[in-house]
Each structure stands twice: as C-alpha cells, then as structure tokens.
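>>> Generate a structure from the sequence data that follows.
(2 chains)
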Amino acid sequence: MQRFLARRLVHGVIILVGLSVLMFTLLVFTPGDPVELIAASNPDIRPEDVSALRRYYGLDDPVYVRYFKWARSVLKGDLGYSRTYGTPVTKIIGERLRNTLTLLATSVAIAFAVGVTVGIYSALHQYSATDYTVTVFAFAGLAMPVFWQGIVFILVFSIWLPGQIPWFPKFPAGGMMTPGVAPGWPAFWDRLWHLVLPVSVLATSGMAAWTRYMRSSMLEVIRQDYVRTARAKGTPEKSVINRHALRNALIPIITLMALSIPGILNGAVLTETVFSWPGMGLLLFQAVLGHDYNVAMAVLLFLALITVLSNLMADVAYAVADPRIRYD
Amino acid sequence: MRILLRPLVTGFVAVLALSLSLPSAAQQRRDTVVIGMAQEPDCLIMAFCQMAAGAAVANNSVFKGMVEYNDKWQLYPITVEKIPTLKDGDWQLLPGGKMKVTWKFRRGFTWHDGRPYTALDASWTNLMLRNPRSPTLSRTIINKIDNMLVPDPAQPYTLIVQWNERYPFANTGHTVYPRHVLEREYLRDPSGLKAHRQARFPIGNGPYRFVEWVPGSHITLEAYDKYPDGVAKIRRQVWRFILDSTVLQANVIANQVDATEINNFSIEQMLEIERRNPQQAAHYTPALIWEHIDLNLDNEWLRDKRVRQAIAHAINREEMSQKLFYGKQPVAHTWLPERHEGFNPNVKKYAYDPARARALLAEAGFTMGPDGVLRDARGRRVEMTIMTTAGNAVREQVQQIMKEQLRAVGIDLRIDNRPAGVLFGQVTRRREFPHMVMYAWVMSPLTLPHAFWHSNQIPAAANNWEGSNYPGWRNAENDKLCDEALQEIDTAKRVALLKRQQELWAEDLPAIPLYFRLSLTTSHKRLANVKPAGLSGTYINWNSQEWTWVQ
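Numbering: from 1, shown residues only, chains lettered A, B, ... in the order given. Purely as a prediction, here's the structure:
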C-alpha cells in the first residue's frame, strides 16, 4: 500500500507539472494580451506607454522564460501578483477558496444524503410509481445544464413564486451576503440564506447521478447470496438492509463520489458565475477574460490538484472500504 | 430510511423559518442604495486602471473632480470656484502657441482622512503621473502641459497650468490625488503605485467615503460627513457586481438592486424589466456611442468610393432601427452623434435604395454572374467578410440582415466573428480585417476627429500600431481639418471645422454609420433625483449625494 501510494504521488506530481506547462502555454497563446486590451480601450494611449507597460508586466520575454520564472516563484510558495487586483494572488485565493469550499462541501453533503437515501428507496421499491418518478427526475437532473438551471431557479424562486404567492420567501438572486448585514449570527444566517439556491443547483446533478448509482448498486447487492442468507436466518428486514446490504452497496459509491468531485468543481465554476458567488470559479472566469495570468494559473493549478487528489482518494477509499482490494 | 429522511425534513423547515425571520430587503434599504453592475473594477486609481466600473465608483462617488459634466452635458465647477474662460482672462493664449490657465480652488474640501484638499495635491499629481516610471495609462494630455504651479504654497488655493500647445478643452480640469497618501510609495518606487493601498481602499474627496471591498461581491461606501456641498442624503451606497446580465436583470425585477449602471442590458431586456416590474424605471439616455462598420480601404474593391456608397444604399438601416431597437436608437448618417457640439445634420445621406446600389456597382465595373453574385473586372466573385464581437446577439442579428440585403445587390457576405478581446486587441488595432468590421466607438464631448480619421493615425507596424483610423482613410483636406480642429480654441470656429469634416467624411464614406446607441440604466421609482447623463465618465451616480428615498 505504501509503495502504491508513493508511486501514485510521484505520478501526481508529474501530471501537475505537465498540466502547468500546458495551461501556461494555452493561456499565453490566448489571442490578445493584457496590454493590448488596455490599449484597445484607450484611444489616447501612446506606443511608448504600451511598450513601457509590456516591460512592466514582463510580456516581452519568450514563453519558456516566462514559464520558468513563474514556476520558480511558485516553488518558493509565491504565486505572484494579480495584474488586475494589484494584490498577491495568495491573498485573493485565500478568501475565494473558503467561499468555494463552503459551496462545495454543502452541495456534496446534501447531494450525498439525498442521492443515497432516494437511491435506496428506489431500489427497494423497484418499478413502483415512486421509482419511476425518481428515475424521471434523476435523468432530468443529469440532463439540465448547470448555468441554465441556475437562471431558471433565480427566475422561479426569486421572482416568479414570490410574486405569485405572498407568503413565499424571496430567495436572493445571487450574491453571497446582504451588504451591511450585522456581523455575528445575523451574518451567519444571511450567508446560509444566500447558499440555498446555488447549493440546490450544484447538488442537483450530483444528487441525480448518485441516486442512479445507489439504486443499481443496491439492486445488485440485495440479490446476493449473503443477503438471502441473512433473511433466511431470520434477521429483521431493517437490519438486513442497513447492516448487510447498505454497507456493501456503498463501496462503489464512495469511489464514485471521489471521482465526481472534479465534475462538481466544474459545475461550481458555472454556478458561481450565475449566482455571483465570489469563489474560485468566478475568479477564474474573470481572470481568463482579463488575461490575469497569475490568478488564472493559480486557480487552474488548484483545480488540477483537487482532481489528482480526489482520484488518489478514490483508490485509497476503495482499498479501505473493500477488504478484497489490495494494492502493491 | 427514516433516520436519513429526518435531517432532510428538519433542514427544509429550518430554511423556511430562516426565510421568514430575515428582515426584508425594503426594510434594510431605507438608508442604503444598491447599484448593480455587470463588471467588477480592477482598481480605483483611475489614472492607472481601465475598467469603466472603477471609474463609476471612484470618479463619481469617492472622488470629485475640479469640474465635471452634468446631465445636460454642461461643465460645472466642483472643487474650484469657476471654470476658466478666455473672456474672463483666466485662460490666456500666449505667443508661440502656448497657453496659461489659472484655477482658483475652493476652501473647505478635505480628503476623507480629514487633511485639506488643495492645489498642491493637483500639482504633485501632475508630476507623479508624468513620471515615465509611474504606471500611467495615458500621457496624451499631460504631454501638452509644461508645468503646474502653486504660486503661494502658504495659500495653496491657486493653480497655474502652463500649456505647451493649444488645446480646446483646457477648461475640463485635471486629476487630483492625495499627495500625503501616495508620496512615500512614489518616492520609493513609482512603478509600485498600482499596488498601493489607495488602489483598493481609496481616500477620496467626494460625497462618499470608502468602507469595504469584498472581492467578487460588492463595494460599500458611506456618506462623508464633511462634504462641503452637503452630506449625501442616503447613508450607504453599495455597488454589487453581477457579471451575467441576465442575472442582473433578474435582480432588478426582484427589486434586489435599486439602480444599475454598466449593465450590458439590451433594449429588449430593458423593456422586459419595465413590463415585469412597474416599480423600476428604465432610462434610455441619448449617448455618444456610435455603432458602425469600418471598411478596409486598402482592399481593391472597397478602395472605390462607389462600392462603399453602394453598400450604404443596399442596407436598410431605418428598418433595422425600427425592428431591432423599436425605433429607440436613431440611424446614424455621420460619425458624430446628435448631442455632440460638432454634429452636422446636413451631410450626404444614403437612403435604402437597392436599385441605386446596383447602378453604382455597375458603374464601378462589376457585372452580374450566373449565380446572382457580382464579378469584378478580373472575373472574381465578389465575396466580402464581415467581422464583429462573437456572442453579441444584436450585432449578429445585424449581420444576418446585412447578409440578405447585400446578397440582393450581388455581394456575398461571409461572417467571421471573434471574441471581443481578440477583435479589439488584434483585429482592429492591426487592421487584420479583410473587408468590414462592426463595433462601436464610445466618445465624449471632447472627442475630435484627429485620432479617428487623420491619415497619420492609420495603425501600421512602422508607427508601432498607433492611432484609430482603422479603415485607412486618406484625404488631404480632411487631414488639414483634423489638425486645425485639434488646436482651435474658439468653439464656433471648431464646430465649423467639424461640420466640414463630416461633409467630407459622408461623401467619402470610409465607414458605414449604423446607429447611435443609447446609454441604458435603471433605477427604482422611489429613488428620487436620479438623472442619468449618458456620458462615459459621468455615470448614473454623478449626483448620487442628492438621491433620496421617497414614499
């Protein structure tokens, strides 16, 4: 297991370095650079100013020189300076990371709780009306693009329903907090209130997928011999499901969960953009549009790191949860 | 099963209870106004930064200039006693084409940390901005100035500006930053100024002082108690950043923002807001935004004036204005908008007339091919390419209409769009469009033809891609008019030059004028004294210290 872990970690590092080269090159070769953008929006700017700005931002060096400069400072723990915000990238990322993790953790927790519960119910009542309904909703959830669903949720829960039903609570149409809200508990509740819509949107796709997986996993397990044996020896049904079937059915779900984290993170980029949630996704979107290379690289690297780590976690979790699996 | 269901139900009930316990938006907002924008500022020292969002917050609320424009587009003095004029003698023309302008600063203006705001700040700011090591974005005006002097530092309320050339807008004021805040960093390293605390937490002199900036979310400002022209009536001003214009629109309809600026709304979205929420007023303000199609005059077909005129005759611009903009955005016949002082209504106009277009093309030597597309003298099929910003729905609609209408006169139009960053960063600046490119110029009352139409402003590798004459128009009389207008102080004479320049322009037609865009903003109807100006640089909050909530 230790050798396996070491090998995977080395692989992970190689993948990250390769990705960083790829992402850096792609970003640099995106047409138009920050100075071109400044110059385009300002007809008064003079060529001397343009070349001074290019020197100031170090845009005249060859790409590989720029990459090595960037890589060297990253290895020293310095992610550089944001061109747009004029502050160190680490400082910007810190705030945003917390916001994204809040969104992500809440969504995953809810998606897992609901997905697993509904999946089990669906499996135990296979081909019932509920099962069919759940199936329809699960496929709808899988099929709905996140950004579209986000806008529809805002229209329905912030505008349409509160307009139709007087007592219906009006959900905030985006944002993370009400500006000027008192700190302490009011701020906490306010934050929670702003989480409802984005979390529902982000949780939907995960929820839908996990419902389907849980259903099929559970269906497979309850047909196993040991479940029949458990029933035959007179174990109460509740215990058969909870202790014998559920535990085994959850094994593949744990792996799937780890594997689907990068996907949810992608969804977070879109959800954050639609809901103006000041997280990493919105930051990436703004950074790429504004050619803020250092910020974009930091966010992309973070996404890559999460992807590599969650894959690793999936492998490890599999070994831990399933005694039949051993790595060398 | 039940064990898992219980927390779900509890959670749902908690959320509902929470919703009922929160104070409603209306209750919170009595002392607050929330302004939504589809952009987040990059920084708030506008001499170093470029985004309009920053200018809206910084230049109109946190800072106040020496003079500014009001909604009638008249200059009015703010931190100075009066606007210098030639007549009063505080604006003097000197021999050798030089000028001297004397400004009297008002007493009583202070920076938000309590220190006095004086002419010394102005003269220091000029020195700081002209330093080649400062990250100043544009030194065009600064380079016309030799010096800014404060004759009596003990009474620092007189500023003398010595100009090294004639400039008709020497009365529009200068940038003033707090010397005591910036000087230490400036002396250490001017290139580090963009990262100064002032760029994120500015100390200004305006009616609102800066409180906080939550990146990705909002900026909060609070009324400055010592603002000499009266403390702002609404205590707090909050700027929320909602980058997606559909979501911003939803926020307006849901009354979650009270006003919008830089909102990227289309006319349809504005109409939708009016329909869905009668409490919100939609403002359609005439502006100085000129939507047009540059023609590449180096192209052998488009070099011929008759071909350019034929294209103008072949496009039904009136119908576009009616169908796409409900008649709200008027057709343009020249490049200067109606509200610009130099606007000339009597230029040559090109009405929709396909027969005339066909005749002009035949005159230019084109013959109709068997497929209904023209052939040039060398027998080549007349295919032209039009480029614009990809994803801009309105421009894409215009392209479709044009494609059909040009096809009717025998021109096959190809559409080839690029993201805005690429189009403006590369295609227009490097003149990389083979035939046509559609975009808008955002102008100001100070706009003069020189940068757009003088032949020395055609960007090329030789001049390091300087200038904005993207079509590549060359006309000797026009060059002379552009040069003269640039230095003509007398308004009447300058206007006469501009009018003649537009006549020449409309005859030569280096670009197809499409229409003048409106400045689109919204505000809650209970928010009184909102007067959108429709000028770039003068945003909806230009008079926000006078806004009040009414019942």
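>>> Select the helix or strand of chain A having the lowest average pLDDT value.
Within chain A, no helix or strand scores below helix A:34-40, which has a mean of 68 by mean pLDDT, DSSP states H and E.
>>> any idea how far the helix or strand just after that one is from the chain center?
Using DSSP states H and E, the next helix or strand after helix A:34-40 towards the C-terminus is helix A:47-56. Offset of helix A:47-56 from its chain centre (CA atoms, centre = their mean, to the nearest Å): 38 Å.
>>> same thing with stretch A:268-277?
On CA atoms, centre = their mean, the centre of stretch A:268-277 falls 11 Å from that of its chain.
>>> ok, B:Ile160 touching B:Val101?
Yes - counting by CB atoms under 8 Å, B:Ile160 touches B:Val101, with 7.4 Å between them. In this view, the C-beta of every residue, glycine as well, is placed from N, C-alpha and C.
>>> Against B:Leu518, how distant is A:Leu59?
A:Leu59 is 37 Å from B:Leu518, where distance means CB to CB, to the nearest Å.
>>> ok, the two, which is more surrounded?
Of the pair A:Leu59 and B:Leu518, B:Leu518 is the one with more neighbours under other CB atoms under 10 Å in any protein chain shown, namely 20 against 17.
>>> Next, that one: secondary structure please.
Look at B:Leu518: counting by DSSP: H, G, I helix; E, B strand; the rest coil, its state is strand.
>>> go on, the one 5 residues further on?
When the structure is reduced to helix, strand and coil (three-state DSSP), B:Ser523 reads as strand.
>>> Okay, and the beta partners of it?
As for beta bridges, B:Ser523 partners with B:Ala259, B:Ala281 under DSSP bridges.
>>> what sits against the one residue in the stretch 201-350 of chain B that gets nearest to chain A?
For the stretch 201-350 of chain B, the residue closest to chain A is B:Gly216, as judged by CB to the nearest CB, at 2.5 Å. Neighbouring residues of B:Gly216 by CB atoms under 8 Å, 6 or more residues apart in numbering or on different chains: A:96, A:99, A:176, A:276-279, A:282-283, A:286, B:40, B:241.
>>> Turn these into CSV, including pLDDT.
What follows is the contacts of B:Gly216, written out as CSV (pLDDT from 0 to 100):
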residue, pLDDT
A:Arg96, 86
A:Asn99, 89
A:Met176, 86
A:Ser276, 86
A:Trp277, 88
A:Pro278, 87
A:Gly279, 87
A:Leu282, 81
A:Leu283, 86
A:Gln286, 80
B:Glu40, 87
B:Phe241, 91
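>>> Which members of those residues are positioned in helices?
Filtering the contacts of B:Gly216 for membership in helices, criterion DSSP state H, returns A:96, A:99, A:282-283, A:286.
>>> can you list the residues of the stretch 201-350 of chain B near chain A?
With CB under 8 Å from any CB of the partner chain as the criterion, the stretch 201-350 of chain B meets chain A at residues B:214-218, B:220, B:236, B:238, B:240-244, B:246-247, B:250-251, B:253-254, B:256, B:276.
>>> looking at this, B:Asp146 is in a strand?
Yes - counting by three-state DSSP, B:Asp146 is part of a strand.
>>> what's the nearest residue to the closest residue to chain B within the stretch 201-328 of chain A if we skip its chain neighbours?
Ranked by CB to the nearest CB, the top residue of the stretch 201-328 of chain A for proximity to chain B is A:Pro278, at 2.5 Å. Once flanking residues are discounted, A:Pro278 sits nearest to B:Gly216: 2.5 Å by CB to CB, 6 or more residues apart in numbering or on different chains.
>>> Please state the offset of stretch B:461-472 from the chain centre?
Centre-to-centre, stretch B:461-472 and its host chain are 21 Å apart (CA atoms, centre = their mean).
>>> quick one on the thing from earlier: which one's more surrounded, B:Ile160 and B:Val101?
B:Val101 (20 against 16).
>>> Show me the strands paired with the helix or strand hosting the more buried one, marking each as parallel or antiparallel.
If you go by DSSP H and E, B:Val101 is part of strand B:99-104. According to DSSP bridges, strand B:99-104 forms sheet pairs with strand B:91-93 (antiparallel), strand B:158-163 (antiparallel).
>>> Show the residue spans covered by the strands in the stretch 51-200 of chain B.
For the stretch 51-200 of chain B, the strands defined by DSSP state E, counting those that start in this stretch cover B:67-69, B:75-77, B:91-93, B:99-104, B:145-149, B:158-163.
>>> Let's have the ones you listed in CSV, adding distance to B:Met443 and mean pLDDT.
Shown next, in CSV, are the strands of the stretch 51-200 of chain B (distance: least, CB to CB, whole Å; pLDDT from 0 to 100):
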stretch, distance to B:Met443, mean pLDDT
strand B:67-69, 13, 95
strand B:75-77, 16, 95
strand B:91-93, 24, 95
strand B:99-104, 24, 97
strand B:145-149, 23, 95
strand B:158-163, 23, 97
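>>> Tabulate those (JSON lines), appending distance to B:Gln551.
Below are those laid out as JSON lines (distance: least, CB to CB, whole Å):
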{"stretch": "strand B:67-69", "distance to B:Gln551": "31"}
{"stretch": "strand B:75-77", "distance to B:Gln551": "30"}
{"stretch": "strand B:91-93", "distance to B:Gln551": "47"}
{"stretch": "strand B:99-104", "distance to B:Gln551": "42"}
{"stretch": "strand B:145-149", "distance to B:Gln551": "48"}
{"stretch": "strand B:158-163", "distance to B:Gln551": "45"}
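>>> quick one: the closest residue to chain A within the stretch 401-550 of chain B and B:Gly391, what's the gap?
Minimum separation of the stretch 401-550 of chain B from chain A (CB to the nearest CB) falls at B:Gly425, amounting to 2.9 Å. To B:Gly391, B:Gly425 is 16 Å away according to CB to CB.
>>> next one: A:Tyr121
Distance, A:Tyr121 to B:Gly391, by CB to CB: 44 Å.
>>> Over to B:Thr158?
For B:Thr158, the distance to B:Gly391 - CB to CB - is 52 Å.
>>> the more surrounded of these two?
In terms of neighbours (other CB under 10 Å), B:Thr158 is the more surrounded of B:Thr158 and B:Gly391; the figures are 15 against 10.
>>> Quick check: the more buried one touching B:Ser123?
No - counting by CB under 8 Å, B:Thr158 stays clear of B:Ser123, with 10.5 Å between them.
>>> residues shared between the contacts of the two?
In contact with both B:Thr158 and B:Ser123: B:Val150, using CB under 8 Å, 6+ apart.
>>> if we can go back for a sec, list the residues that contact the residue of the stretch 201-328 of chain A closest to chain B.
Each residue near A:Pro278 by CB under 8 Å, 6+ apart is listed here: A:95-96, A:99, A:176, A:272, B:214-217.
>>> Which among these count as buried?
A:95-96, A:99, A:176, A:272, B:214-217 (16 or more other CB atoms under 10 Å in any protein chain shown).
>>> what two of those have the greatest distance between them?
Within the buried ones among the contacts of A:Pro278, A:Glu272 and B:Val214 form the most distant pair, 14.3 Å apart (CB to CB).
>>> any idea how far the residue in chain A sticking out farthest from the centre is from A:Val221?
When each C-alpha in chain A is compared with the mean C-alpha position (CA atoms, centre = their mean), A:Lys233 comes out farthest, at 44.7 Å. According to CB to CB, A:Lys233 stands 17 Å off from A:Val221.
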